[in-house]
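Engineer: One predicted model, sequence on top.
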Amino acid sequence: MKQREGEFEFDFTAAQSVEKLDSPLKQKPEGMKLVDFVVEEERRLIMIEIKDPSGKAKGGDPDAEKGLQHNRTEYVKKLQNNTLIIEELTPKARDSYSYLHLMKRDTKPILYVFLLGIDKLAIDHFLLLDVKERLLKRLRKEADQPWRRDYVSDCVVLTEKTWSATFPEYPLVRI
């Protein structure tokens, strides 16, 4: 089954099931921020959150492209200073897990995947490794005490170029 998020198209045919959790076509619990996809495999669930600041300006508008470039610079700052992790990625993981738990769908270990479109970003490879470590640390401890339950077994930070090495069974193309 092919699924699309922005300019990314995934082929999840090899999965047991896939759900677009943040679909605008279905009612969501008020106030919850949900990940883009939940993929079910035999032994785990994969929650996938996609951010693509490298996406193209609609219609090729040069002014819009300048605005996007400014947004990309700000995006890199948000990656460097934990803002993205604290304000977006962690709440989406926590809320999505809560949703799955309340729907009795959290019966398998959960891998949290952050897919980042970086083609047009000035990002060092080591920053992505650091983002993974900071994200996992935040998923484990958001308050003054760590969570007593590791609701996410692990997380990975991928780009469209590294996606296929981790998930060769789920082809990804940029449309």
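Structural biologist: Received it, and whenever you're ready, just let me know what you need.
Engineer: Could you use CA atoms for every contact and neighbour count after this?
Structural biologist: Fine.
Engineer: Does Met47 belong to a helix, a strand or coil?
Structural biologist: strand (DSSP: H, G, I helix; E, B strand; the rest coil).
Engineer: for this structure, which helix is longest?
Structural biologist: helix 62-80 (DSSP state H).
Engineer: Could you name the helices and strands sitting against it?
Structural biologist: Where contact means 3 or more C-alpha pairs under 8 Å, 6 or more residues apart in numbering; DSSP states H and E, helix 62-80 is packed against helix 125-140.
Engineer: so where do the helices sit in this protein?
Structural biologist: 62-80, 83-84, 90-102, 125-140, 163-166.
Engineer: hey, least reliable of those helices by pLDDT?
Structural biologist: Among the helices of the chain, helix 62-80 has the lowest mean pLDDT, at a mean of 77.
Engineer: wait, what's in contact with the closest residue to Ile85 other than its chain neighbours?
Structural biologist: Using C-alpha to C-alpha, 6 or more residues apart in numbering and skipping residues adjacent in sequence, the residue nearest Ile85 is Leu135, 5.9 Å away. Residues in contact with Leu135 (C-alpha atoms under 8 Å, 6 or more residues apart in numbering) are 85, 89-90, 155.
Engineer: to the chain's geometric centre, what's the distance from the longest helix of the chain?
Structural biologist: Here the centre of helix 62-80 is set off from its chain's centre by 19 Å, with C-alpha atoms, centre = their mean, to the nearest Å.
Engineer: any idea of the angle that helix forms with helix 125-140?
Structural biologist: Angle, helix 62-80 to helix 125-140, by axes from the mean of the first three to the mean of the last three C-alpha atoms, to 10 degrees: 60 degrees.
Engineer: Could you list the buried residues of helix 62-80?
Structural biologist: 65, 68-69, 72, 75-76, 79-80 (16 or more other C-alpha atoms under 10 Å).
Engineer: which of the contacts of Leu135 tops the neighbour count?
Structural biologist: Taking other C-alpha atoms under 10 Å as the neighbour criterion, Leu89 ranks highest of the contacts of Leu135 with 24 neighbours.
Engineer: If anything else comes up later, I'll come back, but that's it for now.
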